[in-house]
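# I would like to see how this sequence folds:
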Amino acid sequence: MKTTIVPILFLALACSSVGAKEIQLAAPFTDNMILQRECAVPVWGSDVPGSEVTVEFAGQVKAAKADDKGDWMLRLDPLEASLTERVFRVRNNRGQSHDLEGVLVGEVWFSSGQSNMVWTAGKSMCRDLASDLSRAEKEVPIREININTVSALYPQKKATSEQGWKKVKEAGGFSALSLSFAHELYRELQVPIGILLSAHSNTRIEAFTQRQAIESHPGLSDDKNLIHDADPLTEQGRRAFEQYYADLKAWQEIAGNAAERGGKVPGRPKLPGIAGMWRGPSQFFNGKIAPVIPYAIRGAIWCQGTSNSGDGRVYASRMEALVKGWRDAWGMPEMPFYFTQMQCYGSPDPENVGFADIRQVQHLFFMNNRENVGMVVQSDLNSANPGGIHYFNKLHPGMRMARWALAKDYGKDVAFTGPIYSGYEVRGGKVVVTFERGSLFGGLMVGSKGSGRDYRESGKYNEPARPAPEAVLNHFRLCGKDRKWHPAEARIVGDVVEVISGKVPSPIGVQYAYSAVPENSNLYNKAGLPATPFAAIDGKFIFEEDDLEKAAALKAKYARWTDPDYPILQVAEYYRDGVILQRNHPIKIWGHVNKGVKVTVSLDGVTQTVSPNDLEQWTVTFPPRKASAEPITLEITSSHGFNRTVRDILVGDVWYLTGSTLLSTEWPYDRRAKEIGVPETMPLVREFCRKTKASSFPTPRKRRFETGSGKYRSHWLAADYSKEGSGVTMFAYEFAKALKRPGIPQGFITMSSGQGGGNRQLASPLSWTSFRGVKDLDSRAFRARLNELFLQYPNSAVARKAAAQHIAEVKKFARGIRESDRQGLDAATFALQAPAFPEPGKGEEVSQDTIPTYAYNWCVSPLTPMAVSGVIWVPSEGNIGENPGEYAAEMEIYARSLPGTYGQAEVEFLYAQPAQSLVEGVIVPDIPGARSVTFEQWPKSLKDIAVELAQLAQRSE
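Numbering: from 1, shown residues only. Below you'll find the predicted structure:
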């Protein structure tokens with residue numbers, strides 16, 4: 001592009017109500033663009049109000065005048081397709097101009113959706129196609145422009161594209177589905193093909209939908225309310241913002257009291273509607289679709305659904321609004337719209353409905369909206385990895401979408417769909433399934449697609465599918481009045497499929513390929529295109545939302561997180577089978593239970609009864625016990641019928657290990673060379689080790705230690721390496737061995753957090769310190785970090801000031817929009833988003849991983865208070881912090897906090913100290929009563945440090 005002014009791509013944030021200072025073009029107008037043939041071509045942009053703008057292209061000269069807001073638009077007369085690169089010249093009456101080079105004329109398609117539309121050709125089965133195109137001696141005229149993502153409350157006029165129109169040399173970075181689609185069109189049409197891509201990963205359909213289309217659809221009142229609640233120009237929005245201010249103030253009182261007392265802090269109220277969202281209804285349409293309308297296109301392709309997979313029927317309404325909104329916005333009431341039905345995802349269990357439900361909803365939308373709409377079935381792709389949400393084969397679905405366009409928009413005589421289900425009839429014990437005659441293309445057949453894992457082997461993975469006359473039709477099932485589905489035999493008879501099952505003598509329902517992963521589903525038409533999956537009872541489609549039994553089970557599954565009255569009986573996560581209790585200290589056992597419930601706790605036959613406080617917390621304390629290797633049992637029952645039993649409890653010493661991730665990952669022998677020999681068994685040594693990937697959290701956790709189960713759940717394991725999945729880590733093993741306390745059980749709670757490198761996560765000593773241990777600090781060095789922490793405690797002065805300032809900013813935002821509207825300013829000039837509530841660690845001064853208490857909140861809080869023999873600290877580079885000069889002060893604060901954390905008068909503290917020669921600026925902390933060892937190099941093994949610290953611990957015995 002030759003230009004005498006600034007680059008033509010401009011930021012939405014730079015929009016001005018009085019126009020631009022220079023002539024500017026909308027985002028799609030760049031070098032190498034492709035213009036739509038055979039229709040009027042809008043060209044638009046901005047300039048100083050009153051400027052005269054002229055466009056010259058393909059022998060045409062068109063002019064326009066910028067209005068009082070600086071906007072201008074003109075239309076070129078319909079153009080003929082051209083493979084010749086030409087210059088597109090734009091100039092104004094002040095001598096400014098743009099010369100866009102390499103411009104072609106052909107077919108342009110709008111492409112949108114979520115991650116499977118964003119997914120690039122180079123990472124998919126399109127990679128060979130992309131490679132061939134990029135290396136072709138003669139350039140193939142397929143190009144793509146990708147519009148950057150902006151979220152906005154109101155429609156924007158300006159957008160950006162990081163790279164503009166990319167040529168096919170960069171095809172590996174194109175949208176895979178779009179490239180496959182475009183290539184098929186080019187092969188048949190031999191004209192340039194342009195893809196205008198505006199997609200974004202992990203996004204619901206509503207975000208891409210025009211506001212007016214949502215407002216006018218009778219089935220989308222919830223989405224409409226989210227938009228109106230966030231709009232200060234509506235009465236509903238004004239009320240919603242006032243309610244937000246009141247709710248926020250009320251929450252601050254309730255949450256502040258709960259936080260101070262260690263209770264469960266209720267969630268903070270969110271900004272009204274989409275004001276508190278980033279990809280809510282209409283926001284991506286406003287920010288990344290509206291700015292490219294009305295760029296001339298032939299039609300649109302769409303791939304989305306994962307984020308809406310649990311919607312049920314309302315997704316069909318949302319698709320209707322999406323299409324209507326696009327058609328209205330472009331002024332194309334008959335805009336072609338072709339979309340992919342959801343792919344396979346999950347396990348191949350026929351009882352696992354999974355994505356079959358949203359496929360059915362997409363099928364419903366398709367059946368009710370046939371005008372210029374096409375649906376591409378993907379459930380027959382037989383992915384090598386159906387458990388991966390980003391399916392590899394984007395090549396064949398793109399080709400199938402192109403068939404719709406070629407047949408419907410370009411008049412090509414090609415099959416464009418597989419058999420489309422039209423209904424069924426019950427004849428005695430037999431069900432006869434019919435299909436739309438126009439979808440048969442020669443009739444029905446049993447076909448063979450092959451497996452995606454064989455895609456590189458010629459003839460083994462086919463598009464279209466090949467006839468398989470010897471194969472048996474599969475994935476048909478029948479049900480009777482009990483609505484229980486049974487496998488059925490199916491056969492093709494002419495243009496119908498007859499289905500029977502000996503287990504269903506009086507069928508009322510039939511289904512085909514209606515499961516999450518219907519592997520090798522094999523009903524096709526003779527063009528080799530797959531039949532639509534379906535499930536119907538009494539002649540009507542079925543949906544998961546209508547299964548009341550499943551809905552109740554799903555509600556019950558999540559009730560413990562959503563129902564405040566869900567019955568619970570919890571004991572601190574420390575108490576699991578095999579736990580070791582600290583000798584010679586009072587034994588505190590605690591947990592949570594519903595209000596009004598009595599809890600009976602029995603330890604080795606000694607029983608106490610307790611009721612919870614108003615925070616649903618209960619606590620009992622048993623007298624100290626001497627060391628014992630004789631197992632005892634803990635039994636807990638509640639008056640509402642729950643019980644918990646913890647077995648094989650020993651009494652001895654408990655050591656809490658904190659710091660380096662090496663503590664929880666280093667093993668005392670090479671587990672890949674077990675034949676060399678394993679360490680000696682020490683049955684009285686046990687360890688409770690963090691297995692979760694997460695190791696930090698913004699607020700103290702109490703009710704749960706882990707967020708998952710299975711391999712992420714911690715257990716007390718003994719130092720017995722003869723058993724699979726058993727054993728303790730290097731530090732625990734060597735420390736216990738060197739400690740030499742025979743007959744006294746040794747328990748280790750091994751926690752770790754912090755790492756350096758590219759995936760940095762700092763966890764310095766302040767991160768391991770409790771809120772009580774830091775809340776009264778008066779330290780200028782730590783003030784900024786502490787202020788970020790206090791943001792999370794609603795009663796703190798910092799949080800109260802921040803909340804008041806936030807309310808003032810939101811009020812100013814709302815007033816600003818109303819005032820701008822009264823002045824007649826364009827909505828595109830309004831703020832993109834409402835001011836967000838201040839979040840800790842999101843500013844420039846303090847990074848999130850330096851905020852105090854975060855490691856404590858995950859690794860310590862859920863297990864304490866509990867008595868320990870001592871706390872051990874072994875740091876890695878990630879535990880030093882950003883400023884080594886502050887490390888000693890942090891260590892001193894951490895050490896002082898330990899008695900309060902573990903609920904005892906004194907806590908022995910052992911630690912390893914990096915030498916000053918290893919960490920520049922670090923000094924030795926002054927910690928009374930603590931013992932330490934020094935290391936000169938970052939250890940690759942903790943064995944020696946464990947032995948040295950154990951020898952220091954011997955002196956305290």
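# what about Ala831, how many residues close to it?
16 (other CB atoms under 10 Å). Heads up, the C-betas are built off the backbone N, CA and C, glycines and all.
# what does Gln746 give?
By other CB under 10 Å, the burial measure for Gln746, its neighbour count, is 27.
# now swap in Ser722 and tell me
So Ser722, with other CB under 10 Å, has 9 neighbours.
# Phe688 too?
Other residues close to Phe688 by other CB under 10 Å number 26.
# Could you list every helix and strand in contact with whichever strand or helix holds it?
Here Phe688 sits within strand 682-689, counting by DSSP states H and E. Applying 3 or more CB pairs under 8 Å, 6 or more residues apart in numbering; DSSP states H and E, one finds that strand 682-689 contacts strand 643-659, strand 716-719, helix 730-739, strand 746-750.
# mind checking how far that strand is from the chain centre?
37 Å (CA atoms, centre = their mean, to the nearest Å).
# What are the buried residues along that strand?
Met682, Leu684, Val685, Arg686, Glu687, Phe688, Cys689 (16 or more other CB atoms under 10 Å).
# Sheet partners, orientation included, of that strand?
strand 716-719 (antiparallel), strand 746-750 (parallel) (DSSP bridges).
# tell me the angle that strand makes with helix 730-739.
When axes from the mean of the first three to the mean of the last three CA atoms, to 10 degrees is applied, the directions of strand 682-689 and helix 730-739 differ by 140 degrees.
# what's the angle between strand 682-689 and strand 643-659?
Going by the same axes, to 10 degrees, strand 682-689 makes 80 degrees with strand 643-659.
# what are the phi and psi values for the residue nearest in space to the middle of the chain?
For the chain, the residue nearest the mean C-alpha position is Asn202 (6.1 Å; CA atoms, centre = their mean). Torsion angles at Asn202 (phi, psi; degrees, to the nearest 10) stand at phi 50, psi 50.
# so where is the chain shaky, pLDDT-wise?
1-20, 557-562, 673-675, 707-709, 756-758, 955-957 (pLDDT under 70).
# for the stretch 501-650 of the chain, what spans make up the strands?
509-512, 523-525, 534-537, 540-541, 569-571, 580-582, 587-593, 599-603, 606-610, 617-622, 628-638, 643-659 (DSSP state E, counting those that start in this stretch).
# what does the stretch 151-300 of the chain give?
Using DSSP E, counting those that start in this stretch, the strands found in the stretch 151-300 of the chain span residues 165-166, 193-197, 299-303.
# outside of the last one, which residues touch it?
The contact list for strand 299-303, computed with CB atoms under 8 Å, 6 or more residues apart in numbering, reads 109-114, 116-117, 177-178, 181, 322, 326, 335-340, 372, 397, 401, 405, 409.
# So which of those are in helices?
Using DSSP state H, the members of the contacts of strand 299-303 that fall in helices are Asn116, Met117, Leu177, Ser178, Phe181, Leu322, Trp326, Pro397, Met401, Ala405.
# can you redo the residues you listed as a markdown table with neighbour count and distance to Gly480?
Converted to a markdown table, the ones in helices among the contacts of strand 299-303 look like this (neighbours: other CB atoms under 10 Å; distance: CB to CB, whole Å):
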| residue | neighbour count | distance to Gly480 |
| --- | --- | --- |
| Asn116 | 25 | 37 |
| Met117 | 23 | 41 |
| Leu177 | 31 | 41 |
| Ser178 | 32 | 45 |
| Phe181 | 29 | 43 |
| Leu322 | 26 | 38 |
| Trp326 | 25 | 44 |
| Pro397 | 25 | 36 |
| Met401 | 28 | 38 |
| Ala405 | 25 | 43 |
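# which of the residues you listed sit farthest apart?
Greatest spatial distance among the ones in helices among the contacts of strand 299-303 (CB to CB): Trp326 and Pro397, at 20.5 Å.
# where do the strands sit along the stretch 301-450 of the chain?
337-340, 373-376, 421-427, 430-435, 444-450.
# which residues does Leu581 contact?
Under the criterion of CB under 8 Å, 6+ apart, the neighbours of Leu581 are Ile587, Arg625, Ile649, Leu650, Val651, Gly652, Val654, Gly747, Ala867.
# if you set the cut-off to 6 Å instead, what comes out?
With contact taken as CB atoms under 6 Å, 6 or more residues apart in numbering, Leu581 is in contact with Ile587, Val651.
# Next: the one 3 residues further on.
Asn584 makes contacts with Pro624, as judged by CB under 6 Å, 6+ apart.
# The same query, at a cut-off of 8 Å, please.
Asn584 sits next to Pro624, Arg625, Lys626, Ala627 when contact means CB under 8 Å, 6+ apart.
# Equivalent analysis for Pro884, please.
With CB under 8 Å, 6+ apart, Pro884 has these contacts: Val919, Glu920, Gly921, Val922.
# among those residues, who's most crowded?
Ranking the contacts of Pro884 using other CB under 10 Å puts Val922 first, with 22 neighbours.
# tell me the contacts of that one?
Going by CB under 8 Å, 6+ apart, Val922 touches Ile880, Pro884, Gly885, Tyr887, Ala888, Pro914, Gln916.
# Kindly present these as TSV, with separate columns for secondary structure and distance to Tyr566.
Shown next, in TSV, are the contacts of Val922 (DSSP: H, G, I helix; E, B strand; the rest coil; distance: CB to CB, whole Å):
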residue	secondary structure	distance to Tyr566
Ile880	coil	43
Pro884	helix	47
Gly885	helix	49
Tyr887	helix	44
Ala888	helix	47
Pro914	strand	47
Gln916	coil	54
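# now, the most widely separated pair of those residues?
Gly885 and Pro914 (13.1 Å).
# Please identify which of the two sits among more neighbours.
More crowded of Gly885 and Pro914, by other CB under 10 Å: Pro914, with 22 against 13.
# And that one, how close does it get to Gly70?
According to CB to CB, to the nearest Å, Pro914 stands 61 Å off from Gly70.
# just Ile389 next, same as before
44 Å.
# The helix or strand hosting Ser820 - contacts with which helices or strands?
Per DSSP H and E: Ser820 is located in helix 797-822. Helix 797-822 sits against helix 235-260, helix 783-790, with contacts defined as 3+ CB pairs under 8 Å, 6+ apart.
# most tightly surrounded among these?
Highest mean neighbour count among the helices and strands packed on helix 797-822 (mean count of other CB atoms under 10 Å): helix 783-790, with a mean of 20.
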